[in-house]
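Visitor: Predicted model follows, preceded by the sequence.
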Amino acid sequence: MSTSHRLLGYFKPYRILLIFTVVCTVFTTLATLAIPWLIGKNLIDSVILGEKSIKLLTMIALGIVALVAFKGLFSYGQNYLMSLVGYKVITDVRNQVYEHLQRLSLNFYRKRRTGEIISRVVHDVDQLQNAIINTAVVFVTNSLMLIGVLGLILYIHWRLSLFTLAIVPILAFTANKFGKWIRGFSSSIQIKIANISSILQETIGGIEVIKSFGREKREIKRFKDETMRTLRLSVKRTRLIAALAPLMEMLTLIGLSGILWYGGREVIRGVLTTGELITFLGYIALAIYPLTQISQAFGIYQQGLASAERIFEVLEVQPEIKEVPGAVGVPRVKGYIEFKDVYFGYSEKKLVLEEINLEVRPGERIALVGPSGAGKTSLVSLIPRFYEPLSGTITIDGYDIKKVKLASLRKQIGIVSQQAILFNGSIRDNIAYGRMEASDEEIIQTAKKANAHDFIMKQPDGYETEVGERGLKLSGGERQRIAIARAILKDPPILIFDEATSAVDAQAESLIQQALEWLMQDRSTITIAHRLSTIQNADEIVVLNKRKIEEVGTHQELLARGGVYAKLYKSQFKLEDISFNS
């Protein structure tokens, strides 16, 4: 299906509005077409060259005024309704793109830059909006106008009309050729704008690093280089768009000169009256503006099609993680997790995990340790099905997670990461994210369990205090306690921690550890440990190394073996000791 046909599908829900738009457009066109007829056939032939009646002259003048008022009324309705349909269609497209992005698997986001995704949702949709709203009225109105003009000039003098139409193939070829060039430049410009969005997202998010290394000039140069590339492409596209309208107008006027010669010859021969020739020329003049408008709109439409193609490219990406037909909802589980011969990689050519066999019993606390890149985060990401194993099975309380509904699976799991992510909004809203229907009393009790209530009450607006983008108005420890409160309110039987205390100071760490101890009671817990001193009391420590589980045991058992864990622990202990003494 072509991009244009696919776009038309978005207009189907608004057929009634479109019908009223067409009705208004038809009446607007009829009123416009009637004016040259009144002036040429009636005013010239019947009044000036005929009866010379003041009464008839007055009636024609009043008729023209009435037609102008009639045209204005329906022109308003046409423009308003078409714009309304355009805005509704664009809202549907933007909502569909965002909804689709929410369904896509995490692997999609690993492969694409954030700025590029944002550009498609914001800039490409804006470009499409401009194309639909600004060109739809132009195309519909002027196309009807041209059809009306064609019918009337054929009625006046068909041979002169055929002579006039000889220029149409030339105009169509020119518009099509320019359209392809404009579309190509538009697609390249959209890619450059996505690059600019990516640079913005990266530099704003990493502004502290930029300033600490004194790399402001480098980033400014990188941004300027990208904007200059975009500028050069935009200028080339603008030249094409700017050249298209006068070229079309020039071709039209050359044709008009030929029409004047041929039409004048027909008047001299007595085949045409003077009024008919003036009416004919009036309609040809009336057609020049629609032709010019359509040629300009065609350029804008080509830009919109380039944006639409990029939007549809995103919509065509299928989620890698899908519910199988007949997927069942899982009731609240006890928390028995089992990995059986699991292999995983972000691509089949490069494995991240091999031969993973692991059991987590209900209420058990498991710690995952290992060198950087051993696959710890990848392993826990398989439990909520953020990614799919290449082979093997993962079960929770005997349920194969591939055969259960995603919402019911993820409802069972609470995740607290190293970097607590909060959303722009109030503290209350961020805690309630764990269970949106929670009452104020439940939220307060949850915050107390997370050791967050005291600092929340010291905020200017208490629980209604705005946390800012990504929670930056709060300290790291405060953000982490809000994230823990969010997990407590969700009340999941399975917990996943990515060293939730590694990025905070000692005082905050103590408060967070107390909250975590409360949260972990009677829940199956898997902790990714970066500081081995924090997991000595784990029921079982799982050591990942070179994509496989190399050791399993308690802290004391693993130290006694003198294997990978013992080496990691000793090397980390030495580093901490050196850091303390220095």
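Guide: Thanks, I have it.
Visitor: count of residues packed around the closest residue to Val342 other than its chain neighbours?
Guide: Among residues not flanking Val342 along the chain, Gly392 sits closest, at 3.5 Å (CB to CB, 6 or more residues apart in numbering). Backbone N, C-alpha and C define where each C-beta goes, glycine included. Burial of Gly392 is recorded as 17 neighbouring residues (other CB atoms under 10 Å).
Visitor: Now do the contacts for Gly392.
Guide: Neighbour list for Gly392: Phe339, Lys340, Asp341, Val342, Tyr343, Ile356 [criterion: CB atoms under 8 Å, 6 or more residues apart in numbering].
Visitor: Go through the helix or strand that contains it and flag the buried ones.
Guide: Gly392 belongs to strand 391-396 when assigned by DSSP states H and E. For strand 391-396, a neighbour-count test (16 or more other CB atoms under 10 Å) marks Gly392, Ile394, Thr395, Ile396 as buried.
Visitor: For those residues, which two are the farthest from each other?
Guide: With CB to CB as the measure, no two of the buried residues of strand 391-396 lie farther apart than Gly392 and Ile396, at 14.4 Å.
Visitor: What's the mean pLDDT across the strand holding Gly392?
Guide: Computed over strand 391-396, the mean pLDDT rounds to 93.
Visitor: Over to stretch 161-173?
Guide: Stretch 161-173 comes out at a mean pLDDT of 71.
Visitor: pLDDT score for Lys402?
Guide: pLDDT, Lys402: 92.
Visitor: How much space separates it from Leu17?
Guide: Lys402 is 45 Å from Leu17, where distance means CB to CB, to the nearest Å.
Visitor: And Lys224, by the same measure?
Guide: 45 Å.
Visitor: These two - which one has more neighbours?
Guide: Neighbours per residue (other CB under 10 Å) separate Lys224 from Leu17, with Leu17 holding more: 15 against 11.
Visitor: contacting residues around that one?
Guide: Leu81, Leu84, Val85.
Visitor: So which of the residues you listed is surrounded by the most neighbours?
Guide: Result: Val85 is most packed of the contacts of Leu17 (other CB under 10 Å), 23 neighbours.
Visitor: ok, so what distance separates that one from Pro13?
Guide: Val85 sits 10 Å away from Pro13, going by CB to CB.
Visitor: what's the answer for Leu144, then?
Guide: Counting by CB to CB, the gap from Leu144 to Pro13 is 23 Å.
Visitor: ok, those two, which is more surrounded?
Guide: The residue with more neighbours, out of Leu144 and Pro13, is Leu144; 19 against 13, by other CB under 10 Å.
Visitor: quick one, what contacts the more buried one?
Guide: Counted by CB under 8 Å, 6+ apart, Leu144 has contacts Thr25, Val26, Thr29.
Visitor: Return the set of buried residues in stretch 82-89.
Guide: Met82, Ser83, Val85, Gly86, Val89.
Visitor: if I pick Ile494, what's in contact with it?
Guide: Val333, Gly335, Ile337, Ile383, Ile396, Gln412, Ile413, Gly414, Arg523, Ser524, Thr525, Ile526.
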